[in-house]
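Novice: Pasting a predicted model and its sequence here:
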Amino acid sequence: METLLFLAHVESDGSLATQAREALGAAREMADALSGAPLHVGVVGRDVAAAAGSIAGCGAARFLGVAGADFSQPRYASDAAAAEALCKAAAATVVIAPATSRWCRVLPGVAQRVGGRVDTHVTGISADGGAPSVTRWYYRQRMEATLTRAHRPWIIVLDPGCGAPWKGEAGAATVEVVPVKLSETCRRTTVTGVQAPPADQQTIRPDAGLLFVAGAGWTKTQPDGKVHAAEAAELILEFLRKAQASLGGSKSLVDLTGEGQAVLPFMTHLNQIGQTGATPRHPKGLSACCHGEEPHVVGWRFISERRAINLDPNCGWARGKADVLYVADAFAVLRRVNALLGEK
Ligand SMILES: Cc1cc2nc3c(=O)[nH]c(=O)nc-3n(C[C@H](O)[C@H](O)[C@H](O)COP(=O)(O)OP(=O)(O)OC[C@H]3O[C@@H](n4cnc5c(N)ncnc54)[C@H](O)[C@@H]3O)c2cc1C
């Protein structure tokens, strides 16, 4: 019989992130599929009561917590000690955790400490046939594998956007405190601050409903014989602000920006989508001024509905890569769309 542990850390405001709720949803489904397998909840943070209460209705057999000022900061030594203590206190055979940057850094080490195994970048979890299994992609998202493991404990780190977040009743949860004693050496690292762009300058938004991808065409000579990079930047930023979309770029465009040309100043290699870039998950995607070549489009694997705007009716998107291709001038389309969004 398996014993499941859903392992989470609280956010700075004491809540559980959407990503953590997605992992809880997957853990709950696995517990249900393995009828009778107990599900435990383990939470780490300065104060874990509110987070545990927010998922009180998840049917957990026990709520375990490692709490205190020492556990408020994401720090390898204290996070690893807390996660190890929770795995042991729950006597977990299968541990399911969200792939937050905080957990990704720590959980492979925790697997080593508890004599277990870990799988990261997991995109699906199931228990068909009574045995837990996971799916993950290999070779730049081209091959999907289904894996099972006999070794226990098995730590499974679930990527964001791969399942529905758990929804259910909040309430009062009785949290059993798991004591963790930290030595002075475990406290040496201190987070002194967070450097992040202001929210309105943040162009990568993993939770956005729409991915907007800009291609190199925005910087190319247009039918009037001129380049309109400044207007392109304005149109794109206005659209992102109004649609609250996430921004992606083709390799050609981000390379131009990286080479110091005055193109789209807010575009970096972090925005690159494709074989050598990112493979984000959004329900919808809109590409503009990008040709839709294969090394770019493989990054769209997890975008459910795809649309593209291109002057060229023979561009890559027209060859079965987009659901809808608008053969049009992207400058004109975005000007009009921004105006329509402005009227809303
Ligand atoms: C090993 C390898 C890995 C690679 N990895 C990646 C990757 O990860 N990501 C990636 O993106 N690429 C990658 N590439 C490069 C990829 O093959 C393409 O070269 C790149 O995606 C092209 O970028 P683009 O479509 O923006 O530019 P272009 O090919 O220059 O296309 C610009 C498009 O803009 C259109 N256009 C111009 N003006 C307008 C307008 N006013 N309105 C509408 N449309 C307009 C043009 O018709 C044209 O189709 C890789 C290549 C290799 C060999």
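Specialist: Sure, I can see it. Numbering: from 1, shown residues only.

Novice: now the stretch 101-250 of the chain, which segments are flagged as low pLDDT?
Specialist: Filtered on pLDDT under 70, the stretch 101-250 of the chain yields the residue ranges 198-200.

Novice: Which helix or which strand is home to the spatially closest residue to residue 56 that is not a sequence neighbour?
Specialist: For residue 56, ignoring the flanking residues on the chain, the nearest one in space by CB to CB, 6 or more residues apart in numbering is residue 171 at 3.5 Å. All C-beta spots, glycine's among them, are computed from the backbone N, C-alpha and C. For residue 171, there is no host helix or strand (DSSP states H and E).

Novice: mind listing what residue 171 touches?
Specialist: Contacts of residue 171 were listed using CB atoms under 8 Å, 6 or more residues apart in numbering, and they are 53, 56, 57.

Novice: Give me the phi and psi for the last one.
Specialist: The phi and psi torsions at residue 57 (degrees, to the nearest 10) take the values phi -90, psi 20.

Novice: quick one: it and residue 167 touch, right?
Specialist: No. Applying CB atoms under 8 Å as the test, residue 57 and residue 167 come out as separate, 9.3 Å apart.

Novice: Comparing the two, which residue is more hemmed in?
Specialist: The neighbour comparison of residue 57 against residue 167 (other CB atoms under 10 Å) goes to residue 57, with 14 against 11.

Novice: Show the contacting residues for the more buried one.
Specialist: Contact analysis of residue 57 by CB under 8 Å, 6+ apart lists 168, 169, 170, 171.

Novice: can you pick the most crowded of these?
Specialist: Going by other CB under 10 Å, residue 168 tops these with 15 neighbours.

Novice: in terms of contact, does it touch residue 54 like I think?
Specialist: No. Assessed by CB under 8 Å, residue 168 is found out of contact with residue 54, at 9.5 Å.

Novice: so how far is the ligand from the residue nearest the centre of the chain?
Specialist: Centroid check for the chain by CA atoms, centre = their mean gives residue 160 as the closest residue, at 3.6 Å. Residue 160 sits 20 Å away from the ligand, taking CB to the nearest ligand atom, to the nearest Å as the criterion.

Novice: before we move on, what SS does that residue have?
Specialist: Assigned state for residue 160: coil (three-state reduction, DSSP: H, G, I helix; E, B strand; the rest coil).

Novice: was I right about it contacting residue 281?
Specialist: Yes. Contact criterion CB under 8 Å: residue 160 and residue 281 qualify, at 7.3 Å.

Novice: Which neighbours do those two have in common?
Specialist: Here residue 160 and residue 281 have residue 206 as joint contacts, going by CB under 8 Å, 6+ apart.

Novice: Identify the bridge partners of the closest residue to residue 49 other than its chain neighbours.
Specialist: If you skip the residues right next to it in sequence, residue 49 has residue 175 as its closest partner in space, 6.1 Å away by CB to CB, 6+ apart. Assessed by DSSP bridges, residue 175 has beta-bridge partners residue 63.
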